[in-house]
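1. no sequence on this one, just coordinates:
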């Protein structure tokens with residue numbers, strides 16, 4: 001009976017440690033708050049590992065768009081219409097990615113920064129926007145996929161795509 005209780009405690013500890021695994025990753029998404037030119041439409045995403053285990057991520061940038069194109073880092077942009085935000089329609093046929101070949105690992109307190117120009121993905125008219133990125137960690141790690149917090153920005157003028 002004592003062995004059964006110890007075994008149950010071990011399983012419970014393993015499950016709770018596994019479920020809190022995703023909480024030990026820090027995601028920071030940055031974009032200029034006021035967009036004046038297409039060059040301002042660049043996002044910077046930093047992934048920092050705060051866990052004891054290795055965190056596997058692609059060595060190269062692998063971007064996608066939620067609902068359209070797969071990638072390790074999936075972008076979602078919404079424009080404010082009235083009192084709510086609505087998903088934007090993407091303009092590109094595809095995002096050119098180098099296939100996932102090289103895997104990088106982050107140790108505790110290490111971070112990796114990715115940059116991506118979002119100016120060609122959507123038509124940005126005058127208005128208020130927000131963006132977030134879904135990091136698909138579950139493709140390479142035993143943790144859940146995780147969204148960044150929303151980052152908000154304003155276009156004071158229409159931004160022409162290059």
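-> Sure thing, it's come through. Given the structure is predicted, the values throughout are model-derived calculations rather than measurements.
2. What segments of this protein are helices?
-> Taking DSSP state H, the helices of the chain run over residues 2-19.
3. May I ask which helix or strand of it has the lowest mean pLDDT?
-> In the chain, the helix or strand scored least confidently by mean pLDDT, DSSP states H and E is helix 2-19, which has a mean of 35.
4. Who does residue 111 form a beta bridge with?
-> residue 48 (DSSP bridges).
5. burial of it, as a residue count?
-> Neighbour count for residue 111, taken as other CB atoms under 10 Å: 12. C-betas here are computed from N, CA, C, even on glycine.
6. so it touches residue 49, yeah?
-> Yes. The pair residue 111 / residue 49 is scored as a contact, 7.3 Å apart, by CB atoms under 8 Å.
7. Could you list the low-pLDDT ranges of this structure?
-> Low-confidence segments of the chain (pLDDT under 70): 1-23, 91-101, 161-162.
8. Strands of that one, start to end?
-> Under the criterion DSSP state E, strands of the chain are mapped to 25-30, 34-35, 42-49, 55-58, 63-65, 73-81, 84-87, 103-106, 111-117, 127-135, 146-147, 151-155.
9. Please list the outside residues in contact with the last one.
-> This points to strand 151-155. Identification of contacts with strand 151-155 by CB atoms under 8 Å, 6 or more residues apart in numbering yields 29-35, 43, 124-132.
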